[in-house]
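Participant: sequence and predicted structure, then a few things I'm wondering about:
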Amino acid sequence: MGKKGGAVLGQNLLKSKAQTKKVRRVATQEGYLHNTDLQDGYDWGKINIQSVTEDDTYTDFMNTAELAGRDFDAERLNFREVAAQTGHNYIDTNEGGNQLKVLTEEEKLLPIPRRPQWTGLTVEQLKEEENKNFLEWRRHLSSIDEDYDCVVTPYEKNLEFWRQLWRVIERSDLVIQIVDSRHPLLFRSQDLEKYVKEVSTLKQNLVLINKADFLTEEQRKGWAEYLTKENINFAFFSAISEEDLNIEDEEEKIMTKEGEDLGESFSEEPVHKRSQSKTDVLTSDQMVDLFRSFKRHKTEDITVGFIGYPNVGKSSTINKLLCAKKVRVSETPGKTKHFQTLILTDDITLCDCPGLVMPSICNSKAGMVLQGILPIDQLKDHVPVITLLLSFIPQHVLETKYGLVLPREIGVHAKLTSEILLTAAGTQRGFMTARGRPDQSRVARILLKDYVCGKILYCEAPPGLDQDIFHKHEMEVGRVWKDEADQQAEARRLQQENKTKAEQIDNNFFEGMSLGAHAKGKKSKKKTKVVNTEPDSKQNI
């Protein structure tokens with residue numbers, strides 16, 4: 001027992017346990033619920049809010065069984081062979097080889113899951129119907145993956161994320177799809193626009209091309225002509241340039257105030273406002289006016305929903321419209337976990353939806369990592385992604401950006417591979433493994449993050465325009481060399497090659513030759529007799 005008045009371990013443990021229980025009770029009270037809780041029977045504090053785009057086969061099987069509400073028993077000697085490379089294309093050993101079908105252009109637009117009709121259903125019945133529809137949708141995508149000559153990219157497999165998407169669409173009068181200006185068509189879901197009209201014909205769609213500061217005036221003009229031709233409502237916006245404009249406005253206000261304090265007289269000149277064009281990058285005030293233009297009458301209150309892939313800038317756009325940090329922002333895809341409503345003005349309410357990875361067959365897993373859809377830090381194999389990066393970015397851009405010297409052949413760049421690039425960049429930065437080799441995976445993550453944030457720029461051209469003309473990578477003068485031999489020596493140093501190619505060929509040739517003297521005829525082997533010069537101790541005795 002402890003001393004009288006001293007600390008008692010048992011009492012302290014009981015107190016901490018009681019406090020923990022109190023905190024958990026408070027968290028479930030109605031006053032502490034999320035501000036967008038619809039009281040529809042779901043406990044938003046206990047739902048699974050972890051984004052799932054890829055699962056191992058066992059976890060995927062168990063989740064599917066849970067959605068279907070079934071139990072399974074193991075059965076021996078009933079198996080099918082699975083392709084080791086893909087892991088999802090099943091090979092039937094009993095039937096003959098069937099030729100895979102080819103998808104049409106309409107079938108390539110994969111659908112998104114629909115919410116079933118919920119009027120007149122209880123909470124349990126609605127949840128059961130949602131699970132049933134979601135399971136049928138996943139089976140449809142799996143059948144496309146197996147029966148057709150295509151591969152469905154990883155997509156969101158967590159039903160809770162799609163439930164939040166359904167609620168955002170139902171609550172919103174204007175649904176905005178935020179897309180990246182570097183790949184607008186890749187981030188746009190046509191079936192999502194179709195589903196919005198299925199929910200209500202009064203709802204409107206808008207494609208907001210974010211990060212428009214990456215595009216030039218001519219590039220924005222090319223996309224504006226294409227989207228106008230396709231009858232798509234669109235607008236250009238940039239959260240980064242909007243931040244720069246706010247800083248400039250504050251500086252102008254400070255200068256104006258200082259001038260008034262000094263008694264300086266400024267000549268008032270009439271300001272002529274330029275008419276707004278479709279290619280202009282809108283400011284926050286212009287965005288608010290654009291939202292109000294979708295009203296059916298002036299006194300109507302409008303709710304604007306923001307939907308898009310992860311890492312396209314939904315939360316950043318909302319923060320710039322509110323002129324304050326109300327939503328958490330991160331470079332890691334999938335930072336937003338719950339949909340939430342925020343009041344912009346008296347008549348405009350914003351609704352932020354978590355980032356959703358839509359199913360597609362026009363992309364690849366390497367492309368999804370390169371475009372920032374999948375997290376770079378969780379990347380296991382960097383070779384396909386860097387190989388895809390090299391198909392977009394010329395070698396001279398990488399040399400100028402990172403100060404590299406890549407190998408050349410007869411004055412022209414040699415064929416660049418991911419190993420050559422990562423070895424040179426790792427040696428340049430001093431990123432080495434424990435064995436003294438360049439840390440290629442670490443360098444690959446740095447290059448990929450630079451591409452995602454726009455430090456290495458590549459903008460896709462709209463259909464009908466030449467990519468080489470749409471986005472030109474201008475030659476920049478890098479390091480100037482006095483002699484070509486010095487340039488080749490630096491390239492060998494970055495590749496950790498101490499000898500030239502001619503020296504390596506000579507060494508490989510002479511290593512296989514014997515260095516002894518050549519004699520005609522057979523060599524005679526002389527037998528030598530070993531004579532023991534030391535006296536025997538036994539004989540002396």
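Facilitator: Alright, I've got the coordinates.
Participant: which ones are touching the residue lying closest to residue 183 once chain neighbours are set aside?
Facilitator: Spatial nearest neighbour of residue 183, excluding adjacent residues (C-beta to C-beta, 6 or more residues apart in numbering): residue 460 at 5.0 Å. Yep, even glycine has a C-beta here, placed from its N, CA and C like the rest. If you count contacts by C-beta atoms under 8 Å, 6 or more residues apart in numbering, residue 460 has them with 182, 183, 184, 185, 186, 467, 471.
Participant: are we agreed that the first one is in a strand?
Facilitator: No. Residue state for residue 182 (DSSP: H, G, I helix; E, B strand; the rest coil) corresponds to coil; a strand is not indicated.
Participant: does the residue nearest to it when sequence neighbours are not counted lie in a helix or a strand, and which?
Facilitator: Using C-beta to C-beta, 6+ apart and skipping residues adjacent in sequence, the residue nearest residue 182 is residue 459, 5.0 Å away. Per DSSP states H and E: residue 459 is located in neither a helix nor a strand.
Participant: residues in contact with residue 459?
Facilitator: Residue 459 neighbours (C-beta under 8 Å, 6+ apart): 181, 182, 214, 215, 219, 470, 471.
Participant: out of the residues you listed, the closest to residue 197 would be?
Facilitator: residue 181 (25.3 Å; C-beta to C-beta).
Participant: quick one: the strands in this protein?
Facilitator: All strands of the chain, identified by DSSP state E, fall at 81-82, 90-91, 174-180, 204-210, 234-237, 281-282, 302-308, 340-343, 348-352, 408-409, 412-413.
Participant: direction included, what does the third one pair against?
Facilitator: Pointing back at strand 174-180 there. Paired with strand 174-180 in the same sheet, following DSSP bridges, are strand 204-210 (parallel), strand 302-308 (parallel).
Participant: ok, which of those strands comes nearest residue 491?
Facilitator: Closest among the strands paired with strand 174-180, once you apply C-beta to C-beta, is strand 204-210, at 39.3 Å.
Participant: pull out the buried residues from the closest one.
Facilitator: 204, 205, 206, 207, 208, 209, 210 (16 or more other C-beta atoms under 10 Å).
Participant: so what's the first one bridging to?
Facilitator: What that stands for is residue 204. Here residue 204, judged by DSSP bridges, has bridge partners residue 174.
Participant: wait, what's in contact with it?
Facilitator: 173, 174, 175, 233, 294.
Participant: by neighbour count, which of these wins?
Facilitator: Within the contacts of residue 204, neighbour counts (other C-beta atoms under 10 Å) peak at residue 175, which reaches 25 neighbours.
Participant: any idea how far residue 168 is from that residue?
Facilitator: 8 Å (C-beta to C-beta, to the nearest Å).
Participant: what's the overlap in contacts for those two?
Facilitator: Shared contacts of residue 175 and residue 168 (C-beta under 8 Å, 6+ apart): 305, 307.
Participant: before we move on, back to that, can you list the strands paired with strand 174-180 in CSV and add distance to residue 380 and mean pLDDT?
Facilitator: Formatted as CSV, the strands paired with strand 174-180 follow (distance: least, C-beta to C-beta, whole Å; pLDDT from 0 to 100):
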stretch, distance to residue 380, mean pLDDT
strand 204-210, 29, 95
strand 302-308, 26, 93
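Participant: so residue 396 sits against residue 408, correct?
Facilitator: No. Taking contacts as C-beta atoms under 8 Å, residue 396 lies outside contact range of residue 408: 11.3 Å.
Participant: shared neighbours of the two, anything?
Facilitator: What both residue 396 and residue 408 touch, as defined by C-beta under 8 Å, 6+ apart, is an empty set.
Participant: find me the pLDDT at the residue nearest to residue 183, would you?
Facilitator: We have a pLDDT of 93 for residue 460.
Participant: ok, now residue 345?
Facilitator: Confidence score, pLDDT, at residue 345: 89.
Participant: quick one: contacts for the closest residue in space to it that isn't next to it in sequence?
Facilitator: Of all residues not flanking residue 345 in the chain, residue 288 sits nearest, at 6.8 Å (C-beta to C-beta, 6+ apart). Residues in contact with residue 288, defined by C-beta under 8 Å, 6+ apart, are 321, 344, 345, 348.
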